[in-house]
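*Asks:* When you get a sec, could you give me coordinates for this:
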Amino acid sequence: MSTKNDILSLLQREALTVAQLCERLGITRNAINVQIKQLEAEGLVRRQKAPERGAVGKPSTVFEAAPGAEDVNSGAYPAFLKALLATLGDTCGKEALGDILEKTGRQLARAAGLSSPVDFESGLRAAMAAADALGANTEAIEQPDGIMVRNYSCPIGGAVRQEPCGCRAIAAFFSEATGKPVQEHCLREGKLICQYLIQIKTPKRR
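*Replies:* You can find the predicted model right below:
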């Protein structure tokens, strides 16, 4: 584990001062302070003032793990998601599962504040940035009938290989964020490559 993870692990158990962290981990105060600042910036650690006990001088700052930091190092989510998708597929059928995932993708976009973009370009940039922050690696490629968002690092790749309809969630995410129809064109043979065509031009009628 890294020093930052070691600090967080200790603070998940109990609130400690920098001096106490130095003692527990056997490293310098400066090293602790650097990691504490990063953990605070990430919202994983917060500080409290130690209650005064009649001592002279400024009370020591006590740090603790912030609510929501309990599962930051969890490796359970991929396995849980796979099991959940399999259970939902068996219970309600693949088509219903696809509809649920599409609603989930739209909800993710709304929760991230990406719904109702000012314009298409800003919506697309925000959606790609949000996807990349979750572990994607996206690029936008112009096509005759729109923009293809291609991703070489799927954040839910393991689940998508098991349940291809999972791609509908990502397609719906981009649709909600850009205000445009989106079609999924993912490649799943061999290396997984996610592709979502955002339609920004009206198809010609035949």
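
*Asks:* show me what contacts residue 108?
*Replies:* Contacts here follow Cβ atoms under 8 Å, 6 or more residues apart in numbering; on that basis residue 108 touches 169, 173. Any C-beta I mention is one placed from the backbone N, CA and C, and that applies to glycine too.

*Asks:* same thing with residue 172?
*Replies:* Contacts of residue 172 (Cβ under 8 Å, 6+ apart): 101, 102, 103, 104, 105, 106, 109, 182.

*Asks:* With residue 196 instead?
*Replies:* Each residue near residue 196 by Cβ under 8 Å, 6+ apart is listed here: 148, 149, 151, 170, 171, 174, 182, 183, 184, 185, 186.

*Asks:* Helices - which of the residues you listed land there?
*Replies:* Among the contacts of residue 196, the members found in helices (DSSP state H) are 170, 171, 174.

*Asks:* Tell me where the model's unsure across the chain.
*Replies:* Counting by pLDDT under 70, the chain contains low-confidence residues at 1, 49-58, 201-206.

*Asks:* For it, which residue occupies the most central location?
*Replies:* residue 134 (3.6 Å; Cα atoms, centre = their mean).

*Asks:* And the next helix or strand past the longest helix seen in the chain?
*Replies:* In the chain, assigned by DSSP H, the helix with the most residues is helix 94-111. Under the assignment DSSP states H and E, the closest C-terminal helix or strand after helix 94-111 is helix 120-133.

*Asks:* Does anything pack onto that following helix? Which helices or strands?
*Replies:* Here helix 120-133 touches strand 138-143, strand 146-151, helix 167-178, going by 3 or more Cβ pairs under 8 Å, 6 or more residues apart in numbering; DSSP states H and E.

*Asks:* cutoff 6 Å now
*Replies:* Helices and strands touching helix 120-133, by 3 or more Cβ pairs under 6 Å, 6 or more residues apart in numbering; DSSP states H and E, are strand 138-143, helix 167-178.

*Asks:* ok and the first one relative to helix 120-133, angle-wise?
*Replies:* Using axes from the mean of the first three to the mean of the last three Cα atoms, to 10 degrees, one finds that strand 138-143 and helix 120-133 are set 140 degrees apart in direction.
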